[in-house]
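Visitor: Fold the stuff below for me.
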Amino acid sequence: MKKQLNITSSESKATLRFNIKESAKIVIKFLGITTWIVIFGMALLEIKQYYNIDVIPGVNTSIEDLHSAVFSGISKYFY
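Guide: Take a look at the predicted model:
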């Protein structure tokens with residue numbers, strides 16, 4: 001037979017707070033890593049455009065179209 005654990009309400013609140021803090025840390029780390037991956041990807045696309053590096057010459061991929069649309073949209077606010 002299993003023993004039942006007697007957990008008081010203060011212990012359960014402390015455990016709940018610990019779980020919420022740990023979950024928040026995981027979410028923050030995930031968002032940080034995702035942000036850096038997006039920044040790195042956009043930097044690679046910017047280098048690709050600056051040096052005219054084509055994987056398939058003469059073909060614009062959807063990623064290049066997205067990159068040009070995003071940067072043309074952003075550039076409206078800085079000129």
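Visitor: What is the longest helix of the chain by residue count?
Guide: helix 9-50 (DSSP state H).
Visitor: Give the next helix or strand downstream of it.
Guide: Helices and strands here follow DSSP states H and E; after helix 9-50, the next one along the chain is helix 62-75.
Visitor: for that following helix, which positions count as buried?
Guide: His67 (16 or more other C-beta atoms under 10 Å). Yep, even glycine has a C-beta here, placed from its N, CA and C like the rest.
Visitor: same thing with stretch 20-32?
Guide: Using 16+ other C-beta under 10 Å as the burial criterion, none of the residues of stretch 20-32 qualify.
Visitor: got the CA coordinates for it in PDB?
Guide: The C-alpha atoms that make up stretch 20-32 are tabulated as PDB, following Å, rounded to 0.1, in the frame of the first residue of the first chain:
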ATOM      1  CA  ILE A  20       5.600  28.900 -11.900                       C
ATOM      2  CA  LYS A  21       9.100  30.400 -11.600                       C
ATOM      3  CA  GLU A  22      10.700  27.500 -13.300                       C
ATOM      4  CA  SER A  23       8.200  27.600 -16.100                       C
ATOM      5  CA  ALA A  24       8.800  31.400 -16.500                       C
ATOM      6  CA  LYS A  25      12.500  30.800 -16.800                       C
ATOM      7  CA  ILE A  26      12.000  28.200 -19.500                       C
ATOM      8  CA  VAL A  27       9.800  30.500 -21.500                       C
ATOM      9  CA  ILE A  28      12.200  33.400 -21.200                       C
ATOM     10  CA  LYS A  29      15.100  31.300 -22.300                       C
ATOM     11  CA  PHE A  30      13.100  29.900 -25.200                       C
ATOM     12  CA  LEU A  31      12.100  33.400 -26.300                       C
ATOM     13  CA  GLY A  32      15.700  34.600 -26.000                       C
END
